[in-house]
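Q: Predicted model and sequence follow; I will ask about them next.
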Amino acid sequence: MAIEIDQQGSIRLIKMAGQASTQSFSTAFLPTIAEAIDAGLRDGETKAIVLTGDGRFFSAGADINAFQEAIDNGTAPELIRTLTGVLHPLLQRIRTSSTIVVAALNGVSAGGGLGLALACDARIGTSDARMAASYAGMGLSPDGGTTWLLPRLVGEQRARRFFMNNEIWSGREAHEYGAIDVLVEPESLMETATGLATVWSSWGPHTKEATKHLLHVQTDNDFSTHLDHERTLIEAAGTTEAFKEGVAAFLEKRHPSFD
C-alpha cells in the first residue's frame, strides 16, 4: 500500500510507504500522496498532520525511467508540467491551511520531496535524515519551492552553496543550519513529531491560519504594509469564539480549550 494513514484523535499520521517514498515525484504516486494530504487538510476533525516516509527515505523524488521515456518521445516539458501542476498547489495548501503539518524526517528528502519537507510547518529529524536538492546533477533547475523556502530557513548564501555544490546534508548538518527544527533518536521520531503537532494544533483556527499566513508573506511586504495586514487579521480574531474563550480562560486562571 503506497499510503498508510493512522488517525490518533485530532492528529493524522500519513506514511509514504514503499515506492511512494522512493518515487514520490512521479505520476504513479504524487497524486496519491497529494490526495492523502488534502483529505487531512479538508477533514474538520483533523487539526494536524504528521507526514513521514519509509525505511531510508522520507520522500525522494522522481521516476527516472519515466524521465528517460519522456526525453525519448519529446514530452519531458509536458511531464514536468503535469507533476508540478500537482505538487505546487499542494505546497500552497500546506502553507496556507490552518492545519498544522509536521514532517517526521526518517531518511532522505530530495528533489520534490525536499520541497514537501520544507513546506511543512516544522521538521523533526533523526541522524538518518538526509537533505539533497539533486537538481543540478540531473541537469535541472530547482523546483518544489526549494529556492523560496530554504533561504528563509538557512540564509541565502548557504542555500546557494547547497544548490550549486549539489550538496547532501546529514540530519545533524540540516539541524545545525536550521533546516531541521529538532533532532532526535530514530525511536523517538514519531512521538516527538506527534507531540509538537499536538501543541501547535491546539490553538484556535484563526490563530493558526493567520499566523501561518503572516509568516508566509512577511518577506514580501514592507513594514508599514505588514502592520496593516496584522491589524486586519487581529481585528478579525476579535470576533472569534477562540478569542472569547482565551480571555475567559485568562481571567479564570485556567488553560484555554479551543476544541
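A: Sure, I can see it.

Q: All the strands of this protein, residue numbers only.
A: Taking DSSP state E, the strands of the chain run over residues 3-8, 11-16, 48-52, 57-59, 100-105, 108-110, 122-126, 130-132, 168-170, 182-184.

Q: Could you check how many residues crowd around the residue nearest to Ser141 when sequence neighbours are not counted?
A: Counting by CB to CB, 6 or more residues apart in numbering, Tyr135 is the residue found nearest to Ser141 once chain neighbours are left out, at 6.1 Å. Every residue, glycine included, has its C-beta placed from N, CA and C. Residue crowding around Tyr135 was assessed by other CB atoms under 10 Å; the count is 21.

Q: Could I get the contacting residues of Tyr135?
A: 111, 141-143, 163 (CB atoms under 8 Å, 6 or more residues apart in numbering).

Q: where's it relative to Gly112, distance?
A: Separation of Tyr135 from Gly112 (CB to CB, to the nearest Å): 10 Å.

Q: Over to Thr22?
A: Distance of Thr22 to Gly112, computed by CB to CB: 12 Å.

Q: And these two? Which one has more around it.
A: Regarding Thr22 and Gly112, a neighbour count based on other CB under 10 Å identifies Gly112 as having more, with 30 against 23.

Q: ok, that one touching Val86?
A: No. Under the contact definition of CB atoms under 8 Å, Gly112 does not touch Val86, with a separation of 9.6 Å.

Q: list residues touching both of those two?
A: Leu30.

Q: For the stretch 101-250 of the chain, which segments are assigned as helices?
A: 112-119, 146-154, 156-164, 171-177, 189-200, 205-217, 223-237, 241-251 (DSSP state H, counting those that start in this stretch).

Q: Most neighbours among the contacts of Tyr135, please name it.
A: Once you tally neighbours by other CB under 10 Å, Gly111 ends up highest among those, having 24 neighbours.

Q: Excluding chain neighbours, what is closest to it?
A: Gly61 (3.1 Å).

Q: Also Lys15?
A: Closest residue in space to Lys15, ignoring its immediate chain neighbours: Glu4 at 4.2 Å, by CB to CB, 6+ apart.

Q: gap between the one you found and Glu191?
A: Counting by CB to CB, the gap between Glu4 and Glu191 amounts to 17 Å.

Q: go on, Val184?
A: Spatial separation of Val184 from Glu191 under the definition CB to CB is 8 Å.

Q: if I look at these two, which residues touch both of them?
A: Between them, Val184 and Glu191 share no contacting residue under CB under 8 Å, 6+ apart.

Q: Comparing those two, which shows the higher neighbour count?
A: For Val184 versus Glu191, neighbours defined as other CB under 10 Å are more numerous around Val184 (19 against 12).

Q: which residues does that one contact?
A: In this structure, Val184 makes contact with 124-126, 192, judged by CB under 8 Å, 6+ apart.

Q: show me what contacts the residue nearest the centre of the chain?
A: Nearest to the geometric centre of the chain sits Cys120, at 2.0 Å (CA atoms, centre = their mean). When contacts are counted by CB under 8 Å, 6+ apart, Cys120 touches 51, 94, 101-103.

Q: Taking those residues, tell me the two that lie furthest apart.
A: Ile94 and Val102 (10.7 Å; CB to CB).

Q: Among the two, which residue is more densely surrounded?
A: For Ile94 against Val102, the residue with the higher neighbour count under other CB under 10 Å is Val102, and the figures read 28 against 23.

Q: With that, I have no additional questions.
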